[in-house]
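**Q** sequence and predicted structure are below.
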Amino acid sequence: MMMAEDTLRRILLERPEAVSLFEALGIDYACGGERTLREECQRKALSLDLVSQQVAALPAPEATCAEFVYLVPLPELARHIVETHHTFARTQMPRINRLFERAAQLHSSRLPNICRLREQMMDLSDEWSVHMIREERGLFSTVHRGGNPHEGGCRGVLAGCAMRVSLQQIRLEHQMVVLRMQSIVTALSHSLTVSSLTDPLPRELEAMLLQFQADLHLHVHLENNILLPRLEQLEQTLRA
Ligand SMILES: [Fe+2]
Ligand SMILES: [Fe+2]
């Protein structure tokens, strides 16, 4: 079965709508893009046959995402990430933190871990804000200055990248934020299940966290599986 041996990244390039399916199944497509579908299904104890069938049933786009993402100029891709995902994160993180604050004030007796989770989310927000600023001032700004690598300027892009950022460091920070976010969501959901609270506020907080997490996965996917590999590919081409 061909799809079983395809990487998650490859599948998403061919069938971008698989993002929603992977998100619903808890498949780590954002940081685990280089795993094959078989490996990820084994890791998550999912039926490979069932997941393959679900992916195959998704509509294939007329022009594959692979074509799109390799044709779209890098500055445009970087701009899309900033305007869509960085903006969303900057809007949502303060809202989530305010809701955590209220939940901690009202429900610390019924939700004993709420103060710890609030602290963890605040730390994550601070660090993710720094990560995004560093991307915008470093990697993304050099991409913008270099222009479309297919139209020249790629040496400038790569020289800038090499000086300013470590792509490995970016990937590591992505992995950390995804893991920490998962840990916060899992702990809160578990607490809510055992507390039998009727106040809707903590459930509202959980919904906001899940929404934030889904966007975070998409954000990291675009960088880990599309933007950074394209930069690395360019680097290899220039070295050859
Ligand atoms: Fe980013
Ligand atoms: Fe990033």
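**A** In hand now; what should we look at? Residues are numbered from 1 along each chain as shown. Ligands and ions are numbered 1, 2, ... in the order given.
**Q** helices along this protein, start to end?
**A** Taking DSSP state H, the helices of the chain run over residues 2-5, 8-14, 18-25, 37-44, 48-56, 65-71, 74-80, 87-107, 114-137, 139-146, 154-164, 167-195, 200-221, 228-239.
**Q** please identify which of those is closest to residue 31.
**A** helix 167-195 (4.8 Å; C-beta to C-beta). Quick note: C-beta positions are derived from backbone N, CA and C, even for glycine.
**Q** show me how far the closest one is from its chain's centre.
**A** 11 Å (C-alpha atoms, centre = their mean, to the nearest Å).
**Q** do the same with stretch 190-205
**A** 26 Å.
**Q** in that stretch, what's buried?
**A** When burial is assessed from 16 or more other C-beta atoms under 10 Å, stretch 190-205 yields the following buried residues: 191, 192, 195, 197, 202, 205.
**Q** care to break the chain down by domain?
**A** Using automatic domain parsing, the domain parsing of the chain gives 2-66, 72-239.
**Q** could I get those as TSV with mean pLDDT?
**A** TSV is the format used below for the domains of the chain (pLDDT from 0 to 100):
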stretch	mean pLDDT
domain 2-66	89
domain 72-239	86
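**Q** picking up where we left off before, distance to residue 31 for the helices of the chain - can I get that in CSV?
**A** Below are the helices of the chain laid out as CSV (distance: least, C-beta to C-beta, whole Å):
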stretch, distance to residue 31
helix 2-5, 20
helix 8-14, 10
helix 18-25, 12
helix 37-44, 11
helix 48-56, 18
helix 65-71, 18
helix 74-80, 19
helix 87-107, 17
helix 114-137, 14
helix 139-146, 18
helix 154-164, 20
helix 167-195, 5
helix 200-221, 6
helix 228-239, 12
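**Q** can you tell me how far residue 200 sits from residue 58?
**A** Residue 200 sits at a distance of 34 Å from residue 58 (criterion: C-beta to C-beta, to the nearest Å).
**Q** meant to ask about residue 36, not that
**A** According to C-beta to C-beta, residue 36 stands 18 Å off from residue 58.
**Q** got it, and residue 204?
**A** Distance, residue 204 to residue 58, by C-beta to C-beta: 31 Å.
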